[in-house]
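Novice: give me a 3D structure for the following:
(one chain, ligands or ions: 1)
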Amino acid sequence: MGMVVHDELRSEVGRVLAAAGVGPHSRLCCALSGGVDSVSLFTLLCSLQAPFGYALSAAHVHHGLSPNADAWAAACARRCERAGVPFQLFRVTVARDHPGGLEAAAREARRAALDRVECDWLVLGHHQDDQAETVLFRLLRGAGVHGAAAMAALDRPRSARCPGRLRPLLGVRRAQILAWARAAGLRWEEDESNADERYTRNALRRQLLPAAERIFPAAVPALARAAENFREADTLLDELAALDAAACGGAPLSRSAALALGAARLGNLLRWQLRGAGALAPSRARLVEAVRQLCAAGADTPLRLVLGDRACCAYRDALWLEAAAPAPLPPAQRWHGQAALPWGQGEVVFAGAEGEGLSRVRLAAAAEVSLAPRREGMKLRLDSRRPRRSFKNLCQEAAIPAWLRARLPVLWVDGEPAWVAGIGVAAEFACAAGETGVVPRWHAAAAGADPARGVS
Ligand SMILES: Nc1ncnc2c1ncn2[C@@H]1O[C@H](COP(=O)(O)OP(=O)(O)OP(=O)(O)O)[C@@H](O)[C@H]1O
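Specialist: The predicted model follows:
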């Protein structure tokens with residue numbers, strides 16, 4: 001029996017490694033907690049090293065929370081030394097005031113530490129019972145499709161700087177690992193905090209799942225299957241979002257094209273963009289409300305809607321996400337006739353035109369032309385027959401919201417405002433009919449923008 005289980009477990013781990021393309025060029029690091037799952041995984045990875053030819057190391061995170069933390073770290077170090085496997089110890093400080101509680105804080109600190117390991121794949125000991133718990137836990141907290149997809153056996157690296165994650169035991173029951181570890185004569189550490197039912201996850205593991213299994217004996221594999229179904233749906237939603245983003249012109253999106261998608265697809269697109277930007281996931285209520293406001297607003301109404309640590313901004317036909325914290329003001333820049341100058345997340349493009357925009361002769365005669373933000377008390381005359389008007393007044397009239405005013409680019413000519421994005425050209429700098437002019441155009445957000453969507 002022992003050998004059969006041994007072979008099954010070993011071939012299951014081998015199957016996941018092969019699916020990830022692990023070979024002699026690969027560097028694997030086993031995340032070793034010292035518990036039965038990761039100790040079994042470590043042993044299996046050692047035994048598969050010869051046939052696969054990968055380089056193997058191990059890492060342990062010392063959370064400094066348990067009185068036994070030193071003993072666990074020492075046990076992991078000894079195990080690696082005996083096996084001749086390089087070992088890395090990370091000491092982390094766990095935030096005591098984390099909104100998700102101590103358990104979530106420890107997990108976050110652990111993830112951040114393990115992300116720093118220099119390897120191609122971090123290999124974790126999660127198993128099928130962990131997967132079932134995660135699905136149930138997330139559903140009970142109202143997860144969406146992405147959250148309910150729980151863990152993947154294979155997570156490709158999110159960036160070139162951090163490793164991918166492999167969970168070769170994800171399809172294996174906890175009891176099967178335990179039986180295998182006993183048969184293999186392994187020794188491991190017991191984490192006393194696993195028995196502490198004050199932690200929601202533990203209560204779910206020790207009370208809720210066993211109760212579910214009494215009524216549905218196959219509850220654990222069924223929940224794991226549900227996770228796979230959610231994962232498939234999640235992949236399709238991501239693919240739809242990528243297609244929609246491309247059809248809406250990339251970043252920034254065309255607001256009219258994005259709105260034409262309808263509320264559900266627009267919400268899916270924003271959620272996908274937020275996730276891609278590594279933003280904190282906004283609550284469903286917040287996202288639904290943002291989409292509602294976007295759909296309800298006029299096509300030309302500027303909007304800035306905070307979604308967690310990002311803000312969804314709409315101005316004219318551009319729709320983009322940016323950091324919710326106010327962006328620093330762009331520095332002043334000299335303009336010597338360049339075709340474009342960078343401005344915040346976007347740029348100001350200067351095009352030539354006849355009888356339009358700023359007079360080229362006036363600009364050429366100036367001692368200094370620069371692009372800079374507005375100044376206190378700034379006034380502008382758009383019509384030569386009318387008096388100068390305050391910037392605030394002009395912004396109100398042009399329906400430019402307060403959040404946008406500080407970052408409107410202004411072209412200063414010898415200390416005088418000659419052009420303000422979204423407002424226009426000052427009468428004294430305007431190009432006369434038949435004269436050569438310069439038309440500046442501000443693109444509020446970065447790359448790939450359709451020039452027609454600029455803000456002149
Ligand atoms: N202190 C640790 N040091 C290194 N690896 C760890 C540590 N704790 C857990 N791991 C790794 O994570 C796997 C899952 O552990 P556990 O189930 O305790 O964590 P979890 O909090 O449920 O998971 P996750 O961190 O993915 O949310 C372990 O099998 C092991 O590979």
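Novice: confidence score at residue 344?
Specialist: With respect to pLDDT, residue 344 scores 83.
Novice: show me the strands in the stretch 301-450 of the chain, by range?
Specialist: Taking DSSP state E, counting those that start in this stretch to define them, one finds strands in the stretch 301-450 of the chain at 303-307, 310-315, 318-323, 333-334, 340-343, 346-354, 358-359, 369-372, 379-380, 389-390, 410-413, 416-420, 424-425, 436-443.
Novice: and the contacts of the last one?
Specialist: Put plainly, it is strand 436-443. Strand 436-443 has contacts (C-beta atoms under 8 Å, 6 or more residues apart in numbering) with 318, 343, 346-361, 363, 408-409, 411, 419, 421-422, 431, 449, 451, 453-456. Every residue, glycine included, has its C-beta placed from N, CA and C.
Novice: find the closest residue to the ligand in this structure.
Specialist: The chain approaches the ligand most closely through residue 125 (2.5 Å), counting by C-beta to the nearest ligand atom.
Novice: rewinding a little: in CSV: the strands of the stretch 301-450 of the chain, plus distance to residue 204 and mean neighbour count.
Specialist: Output for the strands of the stretch 301-450 of the chain, formatted as CSV (distance: least, C-beta to C-beta, whole Å; neighbours: other C-beta atoms under 10 Å):
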stretch, distance to residue 204, mean neighbour count
strand 303-307, 29, 18
strand 310-315, 31, 22
strand 318-323, 34, 21
strand 333-334, 56, 14
strand 340-343, 50, 16
strand 346-354, 47, 18
strand 358-359, 66, 22
strand 369-372, 57, 20
strand 379-380, 63, 19
strand 389-390, 60, 14
strand 410-413, 57, 22
strand 416-420, 58, 22
strand 424-425, 61, 20
strand 436-443, 49, 21
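Novice: kindly reformat the ones you listed as a markdown table containing distance to residue 78.
Specialist: Listed next are these as a markdown table, based on distance: least, C-beta to C-beta, whole Å:
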| stretch | distance to residue 78 |
| --- | --- |
| strand 303-307 | 48 |
| strand 310-315 | 46 |
| strand 318-323 | 46 |
| strand 333-334 | 60 |
| strand 340-343 | 55 |
| strand 346-354 | 56 |
| strand 358-359 | 75 |
| strand 369-372 | 63 |
| strand 379-380 | 75 |
| strand 389-390 | 74 |
| strand 410-413 | 67 |
| strand 416-420 | 69 |
| strand 424-425 | 74 |
| strand 436-443 | 60 |
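Novice: can you list the residues of the protein near the ligand?
Specialist: Selection of the chain residues close to the ligand by C-beta under 6 Å from any ligand atom yields 31-33, 37-38, 59-61, 107, 110, 124-126, 130.
Novice: returning to that earlier point: the residue of the chain closest to the ligand - how many residues pack around it?
Specialist: 24 (other C-beta atoms under 10 Å).
Novice: what's the answer for residue 209, then?
Specialist: For residue 209, using other C-beta under 10 Å, the count is 19.
Novice: mind giving me the packing neighbours of the helix or strand hosting residue 182?
Specialist: Assessed by DSSP states H and E, residue 182 sits inside helix 174-183. Using 3 or more C-beta pairs under 8 Å, 6 or more residues apart in numbering; DSSP states H and E, the elements in contact with helix 174-183 are helix 2-19, helix 36-52, helix 128-140.
Novice: buried stuff in it?
Specialist: In terms of neighbour count (16 or more other C-beta atoms under 10 Å), helix 174-183 has its buried residues at 174, 176-181.
Novice: same deal with stretch 391-405?
Specialist: Within stretch 391-405, the residues scored as buried using 16+ other C-beta under 10 Å are 391, 394-395, 400, 404-405.
Novice: redo these as TSV? Include distance to residue 331 and pLDDT.
Specialist: Converted to TSV, those look like this (distance: C-beta to C-beta, whole Å; pLDDT from 0 to 100):
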residue	distance to residue 331	pLDDT
391	20	92
394	24	92
395	22	89
400	22	84
404	18	86
405	18	89
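Novice: dump these to JSON lines, plus distance to residue 306.
Specialist: Converted to JSON lines, the buried residues of stretch 391-405 look like this (distance: C-beta to C-beta, whole Å):
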{"residue": "391", "distance to residue 306": "25"}
{"residue": "394", "distance to residue 306": "26"}
{"residue": "395", "distance to residue 306": "21"}
{"residue": "400", "distance to residue 306": "19"}
{"residue": "404", "distance to residue 306": "15"}
{"residue": "405", "distance to residue 306": "18"}
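Novice: and these, which is closest to residue 187?
Specialist: residue 404 (63.6 Å; C-beta to C-beta).
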